[in-house]
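Asker: Need coordinates for the below:
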Amino acid sequence: MTTISNQNDYSIKYKILKLIKDITHKNYWNQVTTAKILGVDQPKISQISNGKTAGFSLERLLIFLLRLKCEVNITITVNNSETISSNKDNTKEYSLESINLVIIQKGNE
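Answerer: As a prediction, this is how the structure comes out:
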């Protein structure tokens with residue numbers, strides 16, 4: 001089980017890339033095998049191996065985790081006491097307090 005808690009999107013993405021890399025090494029997969037499992041081409045796996053987050057949305061990385069048979073639980077907390085803005089429709093936007101991901105790899109544990 002891996003828990004990722006952070007508010008910084010870059011940091012979360014980097015930690016997910018590291019987890020994907022760890023899973024591929026644990027299973028002794030080469031880049032071609034990993035690419036087939038994730039449904040991408042080999043150069044994308046090279047980017048993952050090198051920790052390059054550019055070109056990967058958080059959504060796409062979460063889909064990769066699902067393809068690797070991981071269970072992903074997401075908790076998003078907002079700071080209700082800190083209003084960022086309020087518009088004429090009385091819709092308020094609150095600041096993000098935290099994003100927590102709990103990732104459990106199924107199968108080869």
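Asker: Double-check that residue 52 belongs to a strand.
Answerer: No: applying DSSP: H, G, I helix; E, B strand; the rest coil, one finds residue 52 to be coil, outside a strand.
Asker: Spatially nearest residue to it (excluding sequence neighbours)?
Answerer: residue 17 (7.9 Å; C-beta to C-beta, 6 or more residues apart in numbering). Any C-beta I mention is one placed from the backbone N, CA and C, and that applies to glycine too.
Asker: residue contacts, the residue nearest to residue 67 when sequence neighbours are not counted?
Answerer: Ranked by C-beta to C-beta, 6+ apart and with sequence neighbours excluded, the top spatial neighbour of residue 67 is residue 38, at 5.5 Å. Contact analysis of residue 38 by C-beta atoms under 8 Å, 6 or more residues apart in numbering lists 20, 44-45, 64, 67-68.
Asker: Out of those, which two are the most distant from each other?
Answerer: 44 and 68 (14.2 Å; C-beta to C-beta).
Asker: Tell me where the protein has strands.
Answerer: Taking DSSP state E as the criterion, the chain carries its strands at 2-6, 70-86, 92-105.
Asker: The closest residue in space to residue 98 that isn't next to it in sequence: neighbour count?
Answerer: Leaving aside its sequence neighbours, residue 98 sits nearest to residue 77 (C-beta to C-beta, 6+ apart; 4.7 Å). By the criterion of other C-beta atoms under 10 Å, residue 77 has 13 neighbours.
Asker: Equivalent analysis for residue 57, please.
Answerer: Residues lying near residue 57 (other C-beta under 10 Å) number 11.
Asker: thought residue 73 was touching residue 101?
Answerer: Yes: distance between residue 73 and residue 101: 7.1 Å, which falls inside the contact criterion (C-beta atoms under 8 Å).
Asker: Tell me which of the two has more neighbours.
Answerer: More crowded of residue 73 and residue 101, by other C-beta under 10 Å: residue 101, with 21 against 11.
Asker: Now residue 54: closest residue in space that isn't a chain neighbour?
Answerer: Closest to residue 54 by C-beta to C-beta, 6+ apart is residue 47, at 7.7 Å.
Asker: got a list of what the one you found touches?
Answerer: Residues near residue 47 by C-beta under 8 Å, 6+ apart: 54-56.
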